[in-house]
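**Student:** sharing a sequence plus its predicted fold:
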Amino acid sequence: MRYNSTRNKNLSVSAAEAIVRGISPDGGLYIPEEFPKLMDLKDLMNMSYRELASYVLGLYFEELGLGKLKESAGAAYDGKFPTEVTPLKTIGDMTFIELYHGRTLAFKDMALSVLPHLLKASLEKLGNENRILILVATSGDTGKAALEGFNEVDGIDVMVYYPKDGVSEVQRLQMVTHAGSNTHVIAIDGNFDDAQSGVKDIFTDEDFKNKIMELGFNFSSANSINIGRLIPQIVYYINAYLRLVEKGIINNDSKINVAVPTGNFGNVLAAYYAKQMGLPINKLIVASNDNKVLTDFFETGEYDKERELLLTSSPSMDILISSNLERLLYHITDGDYKKVSEAMKKLNQNKKYLWDEFGEGEFFAAFASEEDVSNSIREVYDGDYTIDPHTAVAYFAARRYIETTGDKTHMLVASTASPFKFPAKVLSSIGEDVPDLEFDSLRLLSEKMKVEIPDSLKELPYLEIKHKDVYKPDEMRQSILEIIQEKKYVKD
């Protein structure tokens, strides 16, 4: 399998190169030259999550070696998650797929547990002897998941950039207390789009990349712009479908709808990939919060990032530049990279572009206001289940779709984070007074849910703050050089 740039299909690389580089030199994202097809779903039914992950990774990254891919999946999922890696909770006509049972309590763990192993295998394949410097822009959850995934991995350093005032207190503490010797966390005096644009700009700055290479480093990414991060996300949609059949909730070959809370479009794109591979998905519901740039795009055909970025109770979706949408544009135009490249140029220069193709009605987009989020959390809670604000956005959008269309196809809702990561919003939504201290809120939420606070959160108040640096967006290159020099990694 070869991988092409969304902005120039003639820039073709191997799977190993795509994973290591993260982003194409022209600023485009790597996409597979074709979608491999799934074997008969009945033949996948008895696979464990690890076995299913090995199978899917093998369809896309076979050149890394099937043995190596099995090792990678085993290292990622065996013992790192509960026996049921992604539990399902069915309530009426919807099933929630819980994607937050990894170390950081967010869906990012699902892919970032395996990405380090894919990256190491790719480096071995390419014979690359430089250290790898992973640059990560995070709106809350990717950062901690990357820190955990790459913690103390030989030959790899991780630098995580997060918006100083744009993440929850739990998310912030998860990152700034991380103690790995090869991990670095930096607050950006700006928003997530500033951090993400800064990382992309660095990846396409050939002079700076050459300077870093002379110092003994190669850049790579752990964001969903990296194809090695995106492909593992396909697995949990396939697994969820198989478990729905196993539980008798749907029949084999019955279609499902999938609702996904999204900002950067990666998680919903993974479901789109699963559909292209043959998973029986009917409609993909693209759920946004008050930063409804995607809803507006699917409704009007205009992508317009020239608006105020709002800080909401679902911070991982507080994004105005949905990077992975570029991949979708490439696919639905059958690889019209010139059209994609022109649109991205207009977005960069004019902050907007117009589009006229939407994948033949495969998508339904809706957004949830803060009031909608609160109402959704309360509605589900009254049904004896608790969801976080991001999942509430998806639930609301799913309900809006059903009300609009009358479609009775079973709905799979991606539950992307534990309610314990956002206790204040959950408590206020269910009518509880919110304590002044975040960790008093955790204790109260634990009482209301009748669930123990996860161990990884219990320890947060007592951990030392390890990372205190704050940089402006235009100082990100400076931060990289200072870290390299401080760690004395520079080649003699």
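**Tutor:** The structure has been received and is ready for your questions.
**Student:** buried stuff in the longest helix seen in the chain?
**Tutor:** What stands out as the longest helix in the chain, according to DSSP state H, is helix 227-246. Applying a neighbour-count criterion of 16 or more other CB atoms under 10 Å, the buried positions in helix 227-246 are 227-245. Just so you know, the C-beta spots here come from the backbone N, C-alpha and C atoms, and that holds for glycine as well.
**Student:** following that helix, which helix or strand shows up next?
**Tutor:** strand 256-261 (DSSP states H and E).
**Student:** just the angle for the very next helix or strand once past that following strand relative to strand 256-261, thanks.
**Tutor:** Using DSSP H and E, the helix or strand that follows strand 256-261 in sequence is helix 266-276. Angle between the axes of helix 266-276 and strand 256-261 is 160 degrees (criterion: axes from the mean of the first three to the mean of the last three CA atoms, to 10 degrees).
**Student:** how distant is helix 266-276 from the center of its chain?
**Tutor:** Centroid displacement of helix 266-276 relative to its chain, using CA atoms, centre = their mean, to the nearest Å, is 12 Å.
**Student:** contact partners of it?
**Tutor:** Contacts to helix 266-276, defined as CB atoms under 8 Å, 6 or more residues apart in numbering, come from residues 35, 107, 224, 229-231, 233-234, 237-238, 258, 260-262, 281, 284, 286, 323-325, 327-328, 331, 359, 362, 414, 416.
**Student:** which of these are buried? Put it as a PyMOL command.
**Tutor:** Only the buried entries of the contacts of helix 266-276 go into this PyMOL selection, using 16+ other CB under 10 Å:
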select buried, resi 35+107+224+229+230+231+233+234+237+238+258+260+261+262+281+284+286+323+324+325+327+328+331+414+416
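**Student:** what distance do you get for the residue lying closest to residue 176 once chain neighbours are set aside to residue 104?
**Tutor:** Nearest non-adjacent residue to residue 176, counting by CB to CB, 6 or more residues apart in numbering: residue 467, 4.6 Å away. Relative to residue 104, residue 467 is positioned 16 Å away (CB to CB, to the nearest Å).
**Student:** more neighbours, the two?
**Tutor:** residue 104 (28 against 19; other CB atoms under 10 Å).
**Student:** where does the nearest residue to that one once chain neighbours are set aside land in three-state SS?
**Tutor:** Leaving out its chain neighbours, the residue that sits closest to residue 104 by CB to CB, 6+ apart is residue 144, at 4.4 Å. Recorded secondary structure, residue 144: helix (DSSP: H, G, I helix; E, B strand; the rest coil).
**Student:** and residue 159, what helix or strand is that in?
**Tutor:** strand 156-163.
**Student:** with residue 456 instead?
**Tutor:** helix 455-458.
**Student:** flag every buried residue along that helix.
**Tutor:** For helix 455-458, by 16+ other CB under 10 Å, it's 456-457.
**Student:** burial check on the spatially closest residue to residue 237 that is not a sequence neighbour, number of neighbours?
**Tutor:** Spatial nearest neighbour of residue 237, chain neighbours left out: residue 274 (4.4 Å); criterion: CB to CB, 6+ apart. Counted by other CB under 10 Å, the residues lying close to residue 274 total 25.
**Student:** can you list the weak-confidence ranges in this protein?
**Tutor:** Counting by pLDDT under 70, the chain shows low-confidence ranges at 359, 487-492.
**Student:** ok, the residue nearest to residue 104 - contacts?
**Tutor:** Contacts of residue 144 by CB under 8 Å, 6+ apart are 104, 106, 108, 138, 171, 174-175, 178.
**Student:** can you flag which of those residues belong to helices?
**Tutor:** Those of those lying in helices (DSSP H): 108, 171, 174-175.
**Student:** ok, so of these, who is nearest residue 254?
**Tutor:** Lowest distance from residue 254 to the ones in helices among the contacts of residue 144 (CB to CB) belongs to residue 108, with 29.5 Å.
**Student:** how much space between that closest one and residue 416?
**Tutor:** 8 Å.
**Student:** how far away is the residue nearest to residue 104 from residue 417?
**Tutor:** Distance from residue 144 to residue 417, by CB to CB: 11 Å.
**Student:** what residues do the two have in common as contacts?
**Tutor:** residue 106.
**Student:** returning to that earlier point: any idea how far the helix holding residue 456 is from the chain center?
**Tutor:** That offset, for helix 455-458, works out to 22 Å (CA atoms, centre = their mean).
**Student:** go on, stretch 375-395?
**Tutor:** Counting by CA atoms, centre = their mean, stretch 375-395 comes out at 21 Å from the chain centroid.
**Student:** stretch 66-73 now?
**Tutor:** 22 Å.
**Student:** next, the buried residues of that stretch.
**Tutor:** Within stretch 66-73, judged by 16+ other CB under 10 Å, the buried ones are 68-70, 72-73.
**Student:** from what I can see residue 139 touches residue 316, true?
**Tutor:** Yes: between residue 139 and residue 316 there is a contact at 4.9 Å, judged by CB atoms under 8 Å.
**Student:** quick one, which of these two is more surrounded?
**Tutor:** residue 316 (32 against 24).
**Student:** show me what the strand holding residue 159 is packed up against.
**Tutor:** helix 115-126, strand 131-137, helix 142-149, helix 169-176, strand 183-188, helix 192-203, helix 476-487 (3 or more CB pairs under 8 Å, 6 or more residues apart in numbering; DSSP states H and E).
**Student:** and those: which comes nearest residue 13?
**Tutor:** helix 115-126 (10.4 Å).
**Student:** and that closest one, what does it pack against?
**Tutor:** Using 3+ CB pairs under 8 Å, 6+ apart: helix 115-126 touches helix 15-21, helix 66-77, strand 156-163, helix 227-246.
**Student:** just want the angle from the longest one to helix 142-149.
**Tutor:** Computed by the same axes, to 10 degrees, the angle separating helix 227-246 from helix 142-149 equals 90 degrees.
**Student:** can you show me the CA trace of helix 227-246 as CSV?
**Tutor:** Extracted in CSV, the C-alpha atoms of helix 227-246 (Å, rounded to 0.1, in the frame of the first residue of the first chain):
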residue,chain,number,x,y,z
ILE,A,227,-2.0,8.2,9.2
GLY,A,228,-0.5,5.9,11.8
ARG,A,229,-2.9,7.5,14.3
LEU,A,230,-5.9,7.5,12.1
ILE,A,231,-6.0,3.9,10.9
PRO,A,232,-6.1,2.3,14.4
GLN,A,233,-9.3,4.3,15.1
ILE,A,234,-11.1,2.3,12.4
VAL,A,235,-10.8,-0.8,14.5
TYR,A,236,-13.3,0.2,17.3
TYR,A,237,-16.1,0.9,14.8
ILE,A,238,-15.7,-2.5,13.3
ASN,A,239,-15.5,-4.1,16.7
ALA,A,240,-18.6,-2.2,17.9
TYR,A,241,-20.6,-3.5,14.9
LEU,A,242,-19.5,-7.1,15.6
ARG,A,243,-20.5,-6.8,19.2
LEU,A,244,-23.9,-5.4,18.3
VAL,A,245,-24.5,-8.4,16.2
GLU,A,246,-23.2,-10.7,18.9
